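# What follows is a predicted protein model with its sequence.
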Amino acid sequence: MSLRPALNLQPSKRFARGILKVVTCFGMRTFRAFVRKGEDYPMKVFDIVFSPTGGTEKASGYIANTLEGETVAVDLTDSGLGFRTVAMTKEDVAVIAVPSYGGRVPAVAAERLGMMRGNGAQAVLVCAYGNRAYEDTLVELEDAAKGAGFRVIAAVSAIAEHSIVRQFAAGRPDRQDAAQLAGFANQIQQKISAGDASEPAIPGNRPYKKTGGTGMVPKATKECTACGACAAACPVGAIDKDDPKRVDKKACISCMRCVAVCPRGARAVNPVMLSAATKMLSKACSERKECELFI
């Protein structure tokens, strides 16, 4: 599955990013006047996504774009975005989507979400996983969302192509997933329209499972031209911008963003480690799993 480069967004996303800049630069009150002077602020659907390789964004989009309201994209992988200035109102809805990394929310995604001000906005949680298991990801995301001031009204688990072993859940979310996720969104919209703010029962454990050890760190191959695309797109700044072949292994979160955005396919993980991971995951990932709705 191909990834839209971080700086090459679709027209709707560019427009949404522009709206978000108005919000963050001038504040929500000024933004209301900017959009509709003298009228009530219309409900917005904030699509808040951490999606290094594109699968989570795709799954989230099927939900956010089906809900009623103008969509505003918030990219949690963008380290340059002023997350502390992002604020919603209780009239808004936020679709908060993250991938599952070893059954947990990526720490950087939880941290950036925690900087935002939900201000009572209703939240739909989305966890995308590579057909193995999402374990405690949704409950951890629920806690992070509530901590940021959101009211959780629904949660979804979705399947997306595995970010490291791409043969698992290849091409997902696919057409079948798209129809199912849009159907979930319609059910969620009915709940919102009915004024039902009840909390769903979300699977998972507290305390959460322990995070895994050091992951796979992609390295530049001989085809690397030091164009810097990977360094510019890295969500945690682990790649040296002056010398992209240098990587801070402690900072790297093994999100595979650099592999996905490299125009020459010149970044890869250790083939021996990749082969071992493939064998380890083959049994758990072989049978197709389906998306789930908790409402």
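All right, it came through fine. Residues are numbered from 1 along each chain as shown.

# So residue 96: helix, strand or coil?
State at residue 96, reduced to three classes by DSSP: H, G, I helix; E, B strand; the rest coil: strand.

# Mind jotting down where the helices sit in the protein?
For the chain, applying DSSP state H gives helices covering 11-26, 28-35, 55-64, 107-114, 137-147, 175-193, 229-233, 257-261, 271-285.

# how about the ones you listed, which one is nearest residue 246?
Set against residue 246 and scored by Cβ to Cβ, the helices of the chain come closest in helix 229-233, at 9.4 Å. (Glycine included, C-beta is placed from N, CA and C.)

# who does the closest one touch, helix- and strand-wise?
Counting contacts by 3 or more Cβ pairs under 8 Å, 6 or more residues apart in numbering; DSSP states H and E, helix 229-233 packs against helix 257-261.

# Low-confidence stretches in the stretch 151-295 of the chain?
Scanning the stretch 151-295 of the chain for pLDDT under 70 picks out 213-214.

# how close does residue 108 get to residue 93?
Residue 108 sits at a distance of 24 Å from residue 93 (criterion: Cβ to Cβ, to the nearest Å).

# In terms of neighbours, single out the busier of the two.
residue 93 (26 against 18; other Cβ atoms under 10 Å).

# Quick check, pLDDT for that one.
Model confidence at residue 93, given as pLDDT, is 98.

# returning to what we had before: turn the helices of the chain into JSON lines, columns for distance to residue 239.
Putting those into JSON lines (distance: least, Cβ to Cβ, whole Å) gives the following:
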{"stretch": "helix 11-26", "distance to residue 239": "23"}
{"stretch": "helix 28-35", "distance to residue 239": "34"}
{"stretch": "helix 55-64", "distance to residue 239": "21"}
{"stretch": "helix 107-114", "distance to residue 239": "15"}
{"stretch": "helix 137-147", "distance to residue 239": "26"}
{"stretch": "helix 175-193", "distance to residue 239": "31"}
{"stretch": "helix 229-233", "distance to residue 239": "4"}
{"stretch": "helix 257-261", "distance to residue 239": "6"}
{"stretch": "helix 271-285", "distance to residue 239": "19"}
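
# quick one: which of these is nearest residue 49?
Nearest of the helices of the chain (Cβ to Cβ): helix 55-64, 5.0 Å.

# helices or strands next to the closest one in the packing?
With contacts taken as 3+ Cβ pairs under 8 Å, 6+ apart, helix 55-64 sits against strand 44-49, strand 93-99, strand 122-129, strand 151-159, helix 175-193.

# To residue 247, which of the ones you listed lies closest?
The minimum distance between residue 247 and the helices and strands packed on helix 55-64 falls on strand 93-99, with 20.3 Å, by Cβ to Cβ.

# excluding its backbone neighbours, what's nearest residue 55?
residue 160 (2.9 Å; Cβ to Cβ, 6 or more residues apart in numbering).

# got the contact list for the one you found?
Residues near residue 160 by Cβ atoms under 8 Å, 6 or more residues apart in numbering: 55-56, 58-59, 99, 128-130, 169, 172-173.

# closest to residue 137 among the residues you listed?
Of all those, residue 137 sits closest to residue 129, with 7.1 Å by Cβ to Cβ.

# what's the pLDDT at that closest one?
98.

# Quick check: it touching residue 100?
Yes. Assessed by Cβ atoms under 8 Å, residue 129 is found in contact with residue 100 at 4.0 Å.
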